[in-house]
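Q: Sequence plus the predicted model coming up.
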Amino acid sequence: MLTWRVKRLRALGTNIVLSVFGEQDNSALVAAELLIRQQESRLTVNQPHSEIMTINQLAGYDNTEISCGTYALIKNAVLASQKHFGFNALIGPLVKLWKIGFNGANVPSDHDIKSRLLLSNPDNIIMDDALHTVKLVKTGMELDLGGIAKGFIADQIRSIWFAYGIRAGIINLGGNLLFVGESPRRSDGRWIVGIQDPNKGRNIGIGTVIKPACAAVTSGIYERFLIKGGKRYHHLLDPQTGYPLQTQLAAVTVFARDSLQGELEAKRLFFAGKPIPGWEKDPNNLGAVFIYQNGNTQTVKASIH
């Protein structure tokens, strides 16, 4: 009888669960873990040595030659940041100033926020496609791919699993989900995805959405926040103001063909605060569920069951 094989690990700052169906050994799971460890060592900003940390340490002084894959990810992140729809891979100095979700969280002064905004301009980065070099123009700038790295890695794991001939699998990188192949639980091969209710406790959902193999990525304000002086400050900072985004949304879950795209589109829709006209016409965007702080929901190309 075919069954699931599951591997659990701690990496990328989160709890990861990798599941494959119908396999006779753990080869595909081991390969996925090796990939995660390798990419974490290259992309982390939580350890003193990585490709990203080298770029940050040389900010304002020199450029850094990096590996092909890391360069491609950085370029993708920078180009998205320069579109100014909410995602910003250079917002690290502001995140470290607020520290929301970490020890020492505080409400900074307006002066300090404005100073850090000057270090968060995604146009102040020089990239050389021929040499694979990256330079941050100003001292104190920081590149942080935390908002896009999980999607990048999930897509890579899926490619590895395809090479192993995986029939069905689930990649769960701390709530960033990517479904691979056809679900063995339904005759139509589609997957049942639970939608968290951000206005209630963890694992309490508002319902489910049924989709073919896809990524499911959520942006929300309900898990990391600071309460100061009776006011609540969430962790999603507006790159234009340096303050937490003013929004009526609690969360938005996006369904996309690729996890990397899902990461970006979740940020795009969350910062828009509502459905974007024509967004659903992109064939790679498979749907979205908006949940507002007042408990109302709104869907695009998705039905809640």
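A: Received, thanks. Model, not experiment: these values are computed from the prediction.
Q: All the helices of the stretch 201-305 of the chain, in order from the start?
A: Using DSSP state H, counting those that start in this stretch, the helices of the stretch 201-305 of the chain run over 259-272.
Q: can you give me the strands for it?
A: With DSSP state E, counting those that start in this stretch, the ranges of strands along the stretch 201-305 of the chain come out as 205-211, 215-220, 225-228, 231-234, 249-256, 285-292, 297-300.
Q: Which among those is found nearest to residue 163?
A: Among these, strand 215-220 comes nearest to residue 163, with 18.9 Å by Cβ to Cβ. In this view, the C-beta of every residue, glycine as well, is placed from N, C-alpha and C.
Q: re the thing from before, the strands of the stretch 201-305 of the chain into a markdown table, with extra columns for mean neighbour count and mean pLDDT?
A: Putting these into a markdown table (neighbours: other Cβ atoms under 10 Å; pLDDT from 0 to 100) gives the following:
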| stretch | mean neighbour count | mean pLDDT |
| --- | --- | --- |
| strand 205-211 | 17 | 95 |
| strand 215-220 | 24 | 96 |
| strand 225-228 | 13 | 87 |
| strand 231-234 | 14 | 89 |
| strand 249-256 | 26 | 97 |
| strand 285-292 | 23 | 97 |
| strand 297-300 | 16 | 96 |
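Q: of the ones you listed, which approaches residue 114 most closely?
A: Nearest of these (Cβ to Cβ): strand 231-234, 17.2 Å.
Q: quick one: residue 161 is in a helix?
A: Yes. Counting by DSSP: H, G, I helix; E, B strand; the rest coil, residue 161 is found in a helix.
Q: what bits of the stretch 151-300 of the chain have low per-residue confidence?
A: For the stretch 151-300 of the chain, the stretches with pLDDT under 70 are 201.
Q: do that again at 90, thanks
A: The stretch 151-300 of the chain contains residues with pLDDT under 90 at 175, 198-205, 222-233.
Q: Return the list of helices and strands in contact with the helix or strand where residue 116 lies.
A: Using DSSP states H and E, residue 116 sits within helix 110-117. Here helix 110-117 touches helix 92-98, going by 3 or more Cβ pairs under 8 Å, 6 or more residues apart in numbering; DSSP states H and E.
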